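A.B. asks: structure, please.
(chains A and B)
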Number of protein chains: 2
Amino acid sequence: MLKKIGRNTFEFDNMPSIISYSSTVGKKEGEGPLGGCFDVVEEDSHFGKETWEQAESEMLMETVEHAIKKAGLKTQDINCIFSGDLINQCLSTSYGLRSLDIPFLGIYGACSTMAEGLLLASCFAASSEGKYAAATSSHFSTAERQFRLPLSYGGQRTPSAQWTCTASGSVVVSSKGTAPFVRAVSVGKIVDLGITDANNMGAAMAPAAASTIKTYLEDTGYSPSDFDCIVTGDLGLVGSRLLLELMEKDNIDISKQHMDCGVMMFDIEAQDMHAGGSGCGCSASVLCGYFLPKIKSGEINNMIFAATGALISPAASQQGESIPSVSHLIHITHQ
Amino acid sequence: MLKKIGRNTFEFDNMPSIISYSSTVGKKEGEGPLGGCFDVVEEDSHFGKETWEQAESEMLMETVEHAIKKAGLKTQDINCIFSGDLINQCLSTSYGLRSLDIPFLGIYGACSTMAEGLLLASCFAASSEGKYAAATSSHFSTAERQFRLPLSYGGQRTPSAQWTCTASGSVVVSSKGTAPFVRAVSVGKIVDLGITDANNMGAAMAPAAASTIKTYLEDTGYSPSDFDCIVTGDLGLVGSRLLLELMEKDNIDISKQHMDCGVMMFDIEAQDMHAGGSGCGCSASVLCGYFLPKIKSGEINNMIFAATGALISPAASQQGESIPSVSHLIHITHQ
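C.D. replies: Residues are numbered from 1 along each chain as shown, chains lettered A, B, ... in the order given. Next up is the predicted model:
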């Protein structure tokens, strides 16, 4: 059952278990400080395929298959998978998963997709016996040509620009199992403070993360010090600074606990990453590669995972629209 | 609680109630045989806005607000809304819902979106107290220029082509209430039989509908005669014929019960609609405008609503890919 402890916050009496997780990243992500954490670092950015879209689909499929295999399961043991990605019509997901024969519910939350998928998988596992998967991916080359410019134009990147990671993450959640457990989740609202610069998504997303984290602390009575870490997905350097400022305005200091997957993914100066990494696969792979093993071992006891998504659309940007954002929150615990 | 009665079929002990529903359509849809059923027929295809995308966002927002108002509720009473649409990055949803301040989980299932949203809202309402909304929309002019050609090109349509409806539907689902009730749901799998013609989506989607309906009948032991109607979303004339053939191959005759929202929406010959209507808003508005009132009154006792989505992507089509499809099923009942 889902115990509602706020308008949009659910706590689990029988905490679902994240029984398996898998991560895949590209070469550049593998050369970053977390390179040793990921299950697979693929040197070939085409993943053996002809087009970037086929490459991303292949990466997602392999990551999902790997997570299922690590759980000692087969694809037919999965009751449902929640998955989506950045590419129009969630192309990478539809084409990546079509051969796996797994009941499928498509989701769209831009870079918050992993949090949304894990939230839904956890709610289903808490309400019903079974095994539920979540997955997402992003690929630098599919995203650049869709959202910005074809790579061959050699466009200049602004200091606030983030680098869409070539990465994928997948989890399997079950009603029964061992740590990591999901203690609670909180569904975010769409927040839009009027940022119109498509090269400054961190600033667009920070208010959504602030809104969701504040709501969760209010709904539960937890304080930041109850967590070993409060992890955002892909705010990057610019958005992370803004998040701390926004929280401080409400007298909430998360500076000791805050970490951001987009900042962690790269050695930002040495790898010339401007504001850091982004993309659905960034927070998904850092969650699955870096954080979940530490929760499993008990090195981390309690964490908030609040992936953030900029619901940016080139068509809307061309019409002068600002960028709405959303952030969903998962409270993951060792005990 | 969700009682799992198959790999991907869930039955509800305490059936959630669809406490409210609302539908909006454009002028052409209003001139069709169902014109009198819809809450709003809007003559202005721009919905008072400057661009088609703004028009669709406005239509979706008004439809959601109307459904909430008809339930005697306010937007802040809604615990979460599940919504998505056809436009890249689910633009219409993000921009349409951003001012409503409702916790939001984005979904993507192409024309199956209403079934996916109602499925998720029902599962949440069955597992937790609260009010959950689902909504979707489509607009002829946003879809044509994104998926096919800008309208001003005056392109010719093939006989198998469907007409993307300008339409929107929204429901509010609660753990407590009166008929219509949701008795059970079934999550579809991605099915791809190799159709590559983007102007023949009915043929691409029929195998997904057949797969999901067959699975549901097998999981529950129901036969087609247990239902007053078995309703698909947007197969159109071509896809509907194929669905009956595919079911017949497995000795299941649904010809007496089958109805298709894409066929029902228009007077196909008189309105020159080729294979019929399509678009997320087609099955959503026909469900909310035509079917749910009949279930409420008891004129229909049991129905299957199996909206179908062609997960077609222009980028994938350009790469020679076939069209994967998915169909999710909702069993709606008067008692």
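A.B. asks: run a quick neighbour tally on the closest residue to A:P33 other than its chain neighbours.
C.D. replies: Nearest in space to A:P33, with sequence neighbours left out and distances taken as CB to CB, 6 or more residues apart in numbering or on different chains, is A:D267 at 5.6 Å. No exception for glycine: its C-beta is placed from N, CA and C like everyone else's. A total of 13 residues lie near A:D267 under the criterion other CB atoms under 10 Å in any protein chain shown.
A.B. asks: what sits against A:D267?
C.D. replies: A:G32, A:P33, A:M273 (CB atoms under 8 Å, 6 or more residues apart in numbering or on different chains).
A.B. asks: chain neighbours aside, what residue packs nearest to the first one?
C.D. replies: In this case it means A:G32. A:F266 (4.5 Å).
A.B. asks: likewise A:V286?
C.D. replies: For A:V286, ignoring the flanking residues on the chain, the nearest one in space by CB to CB, 6+ apart is A:C261 at 4.0 Å.
A.B. asks: next one: A:Q162
C.D. replies: A:Q162's closest residue in space is A:S278 (CB to CB, 6+ apart), at 3.8 Å.
A.B. asks: mind listing what the one you found touches?
C.D. replies: A:C111, A:S138, A:Q162, A:W163, A:T164, A:C165, A:M201, A:G202, A:D234, A:G236, A:G262.
A.B. asks: now do A:S141
C.D. replies: Contacts for A:S141 (CB under 8 Å, 6+ apart) come out as A:S45, A:W52, A:A55, A:L151, A:T166.
A.B. asks: and the pLDDT at the second one?
C.D. replies: Here the pLDDT value assigned to A:W52 is 96.
A.B. asks: quick check on it: phi, psi?
C.D. replies: phi -60, psi -40 (degrees, to the nearest 10).
A.B. asks: about what we covered before: from the contacts of A:D267, pick the one nearest chain B.
C.D. replies: Distance to chain B, by CB to the nearest CB, is smallest for A:M273 among the contacts of A:D267, at 23.9 Å.
A.B. asks: so that closest one sits against A:C282, correct?
C.D. replies: No: in this structure, A:M273 is not within contact of A:C282 by CB atoms under 8 Å, at 11.2 Å.
A.B. asks: so A:S255 touches A:L244, yeah?
C.D. replies: Yes: with contacts counted by CB under 8 Å, A:S255 reaches A:L244, the gap being 5.5 Å.
A.B. asks: got the domain boundaries for chain A?
C.D. replies: Domain assignment for chain A, taken from automatic domain parsing, gives A:2-174, A:181-333.
A.B. asks: so which bits of stretch A:154-169 are buried?
C.D. replies: The neighbour-count criterion (16 or more other CB atoms under 10 Å in any protein chain shown) identifies A:S160, A:A161, A:Q162, A:W163, A:T164, A:C165, A:T166, A:A167, A:S168, A:G169 as the buried residues of stretch A:154-169.
A.B. asks: can you dump the C-alpha coordinates of it into CSV?
C.D. replies: Only the C-alpha atoms of stretch A:154-169 are listed here, as CSV (Å, rounded to 0.1, in the frame of the first residue of the first chain):
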residue,chain,number,x,y,z
GLY,A,154,31.2,22.6,-34.7
GLY,A,155,29.1,25.0,-32.6
GLN,A,156,30.6,26.9,-29.7
ARG,A,157,29.3,26.0,-26.2
THR,A,158,28.4,28.7,-23.6
PRO,A,159,29.9,28.6,-20.1
SER,A,160,26.5,27.6,-18.7
ALA,A,161,26.0,24.8,-21.2
GLN,A,162,25.9,21.3,-20.0
TRP,A,163,27.2,18.2,-21.8
THR,A,164,24.6,15.5,-22.5
CYS,A,165,26.1,12.3,-21.2
THR,A,166,26.2,9.1,-23.2
ALA,A,167,24.9,6.9,-20.4
SER,A,168,22.2,4.6,-19.3
GLY,A,169,20.9,3.2,-16.0
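A.B. asks: tell me if the residue nearest to A:P33 really is in a strand.
C.D. replies: No: under DSSP: H, G, I helix; E, B strand; the rest coil, A:D267 falls outside any strand and is assigned coil.
A.B. asks: with adjacent residues omitted, what lies nearest to A:P293?
C.D. replies: A:C37 (7.5 Å).
A.B. asks: which residues touch the one you found?
C.D. replies: Counted by CB under 8 Å, 6+ apart, A:C37 has contacts A:S23, A:V286, A:G289, A:Y290, A:P293.
A.B. asks: between the residues you listed, which is closest to chain B?
C.D. replies: Proximity of the contacts of A:C37 to chain B (CB to the nearest CB) peaks at A:V286, which lies at 21.5 Å.
A.B. asks: residue contacts, that closest one?
C.D. replies: Per CB under 8 Å, 6+ apart, neighbours of A:V286: A:S23, A:L34, A:C37, A:G169, A:V231, A:G233, A:C261, A:M264, A:M265.
A.B. asks: pLDDT score for the third one?
C.D. replies: Put plainly, it is A:C37. pLDDT, A:C37: 98.
A.B. asks: from A:V173, how far out is it?
C.D. replies: Computed as CB to CB, to the nearest Å, the A:C37 to A:V173 distance reads 20 Å.
A.B. asks: next one: the fifth one
C.D. replies: Applying CB to CB, the value for A:V231 to A:V173 is 18 Å.
A.B. asks: which one's more surrounded, these two?
C.D. replies: Taking other CB under 10 Å, A:V231 and A:V173 do not tie; A:V173 has more neighbours (30 against 26).
A.B. asks: just the strands in the stretch 1-150 of chain A please.
C.D. replies: A:2-4, A:9-12, A:17-26, A:40-42, A:80-85, A:104-106, A:131-138 (DSSP state E, counting those that start in this stretch).
A.B. asks: the second one pairs with which strands, and in what direction?
C.D. replies: Right, the one you point to is strand A:9-12. Strands that pair with strand A:9-12, judged by DSSP bridges, come out as strand A:2-4 (antiparallel), strand A:181-186 (antiparallel).
A.B. asks: out of the ones you listed, which gets the lowest mean score?
C.D. replies: Minimum mean pLDDT among the strands paired with strand A:9-12: strand A:2-4, a mean of 93.
A.B. asks: who touches that one?
C.D. replies: A:10-13, A:123, A:126-127, B:79, B:124, B:127-130.
A.B. asks: any buried residues in it, and which?
C.D. replies: Neighbour count says strand A:2-4 has A:L2, A:K4 buried, by 16+ other CB under 10 Å.
A.B. asks: kindly report the same for stretch A:45-64.
C.D. replies: Neighbour-count burial for stretch A:45-64 flags A:47, A:51-64 (criterion: 16+ other CB under 10 Å).
A.B. asks: hmm, which two among these are most spread apart?
C.D. replies: Farthest pair in the buried residues of stretch A:45-64 (CB to CB) is A:T51 and A:V64. Separation: 19.9 Å.
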